[in-house]
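> Sequence below, structure please.
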Amino acid sequence: MNNGIMVIAAQRELRRSLFDALDHGGYTDIQSARNASHATILLEGRQPLQLLVVVFDGDEEQAKICCKQLRRLPGVAETPLLAVLAAEASLSPADLPDAGIVDWLYASQISAELVPRWRRWRAGNQGQGLVPAASVGGDGHANYRYLFEEGDSEWLIADAQTLCLLEVSPTVARHSLLHASQWQGLALSDVLRFEGVALEQVLAEADRRWYPCQRKSAQGFDTGQASVRRIPHEQGDVLALMFRSDRADLRAEAALSLLSRIYASASGVDAKVAAARLLFDELGLDYLAVWSARQDGAEVPAQLLQLWSGKDPAWPAASLQSSLQLVLCGKPILYRTDAQRLAPLDPLLQLLDLAGFAGLPLYDERHTVIGAMLAGSRRGFGEIGIVEPVLRCASARFSQVLELGRTREQARAEGLVDALTGLPNRLLFNDRLDTILREAVRNGECFAVLFVDLDRFKDINDTHGHAAGDQVLKMVTQRLCGSIRASDTVARYAGDEFTVVLRHIVKNDDVLRVAEKIVQTMNTPLRLDDGTELQVTASMGLSFFPDDAGDAETLLKHADEAMYAAKHLGRNNFQIYEVSPEYAQEHGTVLRSRLRHAEGNGELRVVYQPQVDAQSEDIVGMEALARWEHPELGMISPAVFIPLAEETGLIVSIGEWVMRTACRQAKEWEQRFGLRLRLGVNLSAVQLMESQLLDTVTRVLQETGLDPSLLELEVTESISIKAVRNLVENLHALHKLGCSIAIDDFGTGAASLDYLRRLPADRIKVDQSFVRNIGVDPDDEAIVRATIEMAHRLKRAVVAEGVETEEHLQFLRAHHCDELQGYLFCRPLQTVSFEKLLAERQRLLDVRAAEPA
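This is a model prediction of the structure:
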């Protein structure tokens, strides 16, 4: 007996959509898996499935591998498979492997089409074996016209015996500018020209491999690739040939490739030319011009570049080109094939005989028109849904380059740009860093500063001369600019020193990946104009705002110190700034003395990390964490200053300050947002020994007005029950007061079971060292599973710390972990940032409530 349905999708959103669609359709036994490996675990010992729903989000080869893996699973060999094509999938329905796929749909059709298609197939195939959807027409007979449902694909159908065309898809007619009737009966040898392989071999193999070829069109032939397959039709087979053009105005993939190359083209003086040449060649344009609007008292606009496929005529003056004047006034123009309507009004169009014509204004960041881009084609533009976005993106690139050029010229005049590299100099960089810092404070954002120093650059100048050194600096500039995003900043700080600001950081790992990318990029030898190859490496230091410092000067200082640490470790690497335990030990006296005044001087901070429900992912709690912002050393890690505070006994007053600050803030958020979020506050061993701990907590709750049931006191498992006097008594008293108790870092100590037996724990927090090894270490996975099961049997809730990946989430959810905490959801946030998070949550709830049922 077949029972159950399994959905397999890498993306959580798609798994949820599939589950909801099937659930609404009345199916109750539904399982979801990330991939074939996950499905293997879930299917162990189960009855065969009635349906397998698989999302394909890659290419044809990946789909084949996936299907092979799935068909090897227990109880799945004969299960009907319904394919869902994700938006990012590069394969088409016709590329789906012959692996028992009974039907397919696009991801956008899940809610409306998934259940009806499955029921329709079942109704028509009761008692039959698997019949591939790709060979069944609507009337039950084999039919190739399902291919034509793919609106953007070019299909040519030929008789397998005569090798003459039977029919072509509407897309072929549209792209080739030849009517469909003009294709019927043509021999394939007259329609397709394969390169490097004989037509007969391609047709005989018919194995879906792609071969370079040319396809007939009204203008001659278009270049691209074609593949062939055999498809059952009526009493025999037909040959189905799919052609994909290399023209960026016809195929979306080619257009995306073009745009990526346009934006990757060199920055600086050559950027306009490089981008223009790519656009001109890839779109098959006959005319392209970029103009700069009037500036600095000029009476007419200035033409920055012009490309034309024919001989240069006598060009009309800019003032006579009415289309140009309209575009410079902010009015866009776009004609796919009928631009000659403008010819009586514009001598340029009359002169060039353009059928397709576009004119787009170039805007600066204030949306002021700073120029114009004109593009034209004698044969007209291709797919307007592809061409128009490409032209608009290209115009944005020209706008960016034009505005950057103007800014640099102005900065050079004011002495703010480095003359050699064109980068901001130290003065301009410091000004930008101050601006970025103010915005980060206002918006509660994080950013990183990188200090980059070339290793042994003096040797290059001494050995090869200063001209060679200048070339190296220019090439290093290009590599640095190519490693960062448009929103980031690179500057030449001094000599062979560069500085970088990476903005809008979500996770520190994002910065580390950029730093690693720079190191790898620099490892590629540099080739000078005279052919000399040089191996130039760099040492880098990183500091983070607000973790390492709250002002620009200290951030730079810390990044510089980290850079020198990288040099001491052998160069050609990067280091993150930190006040190490060794530093703390060496300068312990000074730090202890300063820590005594930290609270009174306003140097202590409280940050909040949300805890979310494992199923709904809604915020249910938060952990308050202490931070020390030293005026000279910047942010000092809790791993450094908490032990110092415990040694000196300062942890008692610091702990009380943190608790009072966090409780007051939690009460304020409760009143503002109506949220009863649980607040977790850590208690150290020293605090737990205090006989006045209960009085302190009671006083804090009374002063702040926070409900005791919303305060959760966290005790680390490493604290020994025997060594800490008053521990058990204090925790029982706090529990009786109404506070909940959580055991932190569970699994890292030697007394886990003893803790659960003797302490009034409501919740345990699985240590991040185990969670981070999910998907890596089976032993740690087993520990996490056993911890969750044991806690639930003892009626304790479970929170997993250090959740950073989708794999962590799915594993913990599958094993019924209650709550989650980690960078996958949110890093620890300053008060203003956490408040924005709660406000955004409230806004989304209000929008949802306002939607009609």
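> residues near the residue lying closest to D780 once chain neighbours are set aside, how many?
In space, and not counting its chain neighbours, D780 is closest to N773: 3.8 Å by Cβ to Cβ, 6 or more residues apart in numbering. Placement of C-beta: from N, CA and C, glycine included. Other residues within reach of N773, judged by other Cβ atoms under 10 Å, total 17.
> Longest helix of the chain, counting residues only.
helix 384-413 (DSSP state H).
> Helix, strand, or coil at the spatially most central residue of the chain?
Central residue of the chain (Cα atoms, centre = their mean): D510, 10.2 Å from the mean position. Secondary structure assignment for D510 (DSSP: H, G, I helix; E, B strand; the rest coil): helix.
> picking up where we left off before, tell me the helices and strands packed up against the longest helix of the chain.
Using 3 or more Cβ pairs under 8 Å, 6 or more residues apart in numbering; DSSP states H and E, the elements in contact with helix 384-413 are helix 252-264, helix 271-282, strand 287-292, strand 333-335, strand 356-363, strand 369-377.
> Mind listing the strands the fifth one pairs with, and their directions?
Looking back up the chat, that one is strand 356-363. In the sheet, strand 356-363 lines up against strand 333-335 (antiparallel), strand 369-377 (antiparallel) (DSSP bridges).
> average pLDDT across that strand?
Per-residue pLDDT values over strand 356-363 give a mean of 93.
> shouldn't R294 be in contact with Q325?
No. Judged on Cβ atoms under 8 Å, R294 makes no contact with Q325 at a distance of 11.4 Å.
> Neighbour count for the two, which is higher?
Q325 (16 against 13).
> Find me the pLDDT at that one, would you?
91.
> Any idea what the spatially closest residue to P361 that is not a sequence neighbour is bridged to?
Nearest residue to P361 in three dimensions, chain neighbours excluded: V369, at 4.7 Å (Cβ to Cβ, 6+ apart). Counting by DSSP bridges, V369 is bridged to Y363.
> and V369, how far is that from L348?
Distance from V369 to L348, counting by Cβ to Cβ, to the nearest Å: 19 Å.
> Looking at these two, which is more packed in?
Higher neighbour count among V369 and L348: L348, with 23 against 16, using other Cβ under 10 Å.
> helix or strand for that one, which one?
helix 347-352 (DSSP states H and E).
> That helix: how far from the chain's middle?
With Cα atoms, centre = their mean, to the nearest Å as the basis, helix 347-352 stands 45 Å off its chain's centre.
> pLDDT of it, averaged?
Helix 347-352 comes out at a mean pLDDT of 91.
> Only alpha carbons, please: show it as CSV.
Below are the C-alpha coordinates for helix 347-352, written out as CSV (Å, rounded to 0.1, in the frame of the first residue of the first chain):
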residue,chain,number,x,y,z
PRO,A,347,17.8,64.3,-39.1
LEU,A,348,19.8,61.7,-37.2
LEU,A,349,17.2,59.0,-37.7
GLN,A,350,16.6,60.1,-41.3
LEU,A,351,20.3,59.8,-42.0
LEU,A,352,21.0,56.4,-40.4
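> Could I get the buried residue list for that helix?
Neighbour-count burial for helix 347-352 flags 347-349, 352 (criterion: 16 or more other Cβ atoms under 10 Å).
> Identify the residues contacting the nearest residue to T337 once chain neighbours are set aside.
Using Cβ to Cβ, 6+ apart and skipping residues adjacent in sequence, the residue nearest T337 is G380, 3.6 Å away. By Cβ atoms under 8 Å, 6 or more residues apart in numbering, the contact list for G380 reads 336-337, 355-356.
> ok, of those residues, which one's closest to L706?
Ranked by distance to L706 (Cβ to Cβ), these are led by R336 at 65.3 Å.
> Number of residues surrounding the closest one?
R336 has 17 nearby residues by other Cβ under 10 Å.
> what's the closest non-adjacent residue to H38?
Nearest residue to H38, sequence neighbours excluded (Cβ to Cβ, 6+ apart): Q810, at 7.2 Å.
> just to revisit the earlier point, just put the buried residues of helix 347-352 in TSV and tack on distance to R592.
Formatted as TSV, those follow (distance: Cβ to Cβ, whole Å):
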residue	distance to R592
P347	83
L348	78
L349	80
L352	80
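> With respect to L285, which of these is nearest?
L352 (11.1 Å).
> OK, contacts around the closest residue to that closest one other than its chain neighbours?
Spatial nearest neighbour of L352, excluding adjacent residues (Cβ to Cβ, 6+ apart): Y287 at 5.7 Å. The neighbourhood of Y287, defined by Cβ under 8 Å, 6+ apart, consists of 307-309, 352, 354, 374-377.
> 10 Å instead, please
280, 306-310, 348-349, 351-352, 354, 356-357, 374-378 (Cβ atoms under 10 Å, 6 or more residues apart in numbering).
> Write a ChimeraX command that selects only the buried members of those residues.
To isolate the buried ones among the contacts of Y287 in ChimeraX, judged by 16+ other Cβ under 10 Å, type:
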select :280,307,308,348,349,352,354,356,357,374,375,376,377,378
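> tell me the residue furthest from the middle of the chain?
Outermost residue of the chain (Cα atoms, centre = their mean): S691, 51.0 Å.
> ok, it to N730 distance?
Counting by Cβ to Cβ, the gap from S691 to N730 is 8 Å.
> And for Q615?
Distance from Q615 to N730, by Cβ to Cβ: 34 Å.
> Which one's more surrounded, those two?
With neighbours defined as other Cβ under 10 Å, Q615 and N730 compare such that N730 has more, 23 against 12.
> I'd like the strands paired with strand 356-363 laid out as TSV, including mean pLDDT and distance to Y493.
Below are the strands paired with strand 356-363 laid out as TSV (pLDDT from 0 to 100; distance: least, Cβ to Cβ, whole Å):
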stretch	mean pLDDT	distance to Y493
strand 333-335	92	45
strand 369-377	92	30
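> Adding distance to E819, write those strands out as TSV.
Shown next, in TSV, are those (distance: least, Cβ to Cβ, whole Å):
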stretch	distance to E819
strand 333-335	53
strand 369-377	52
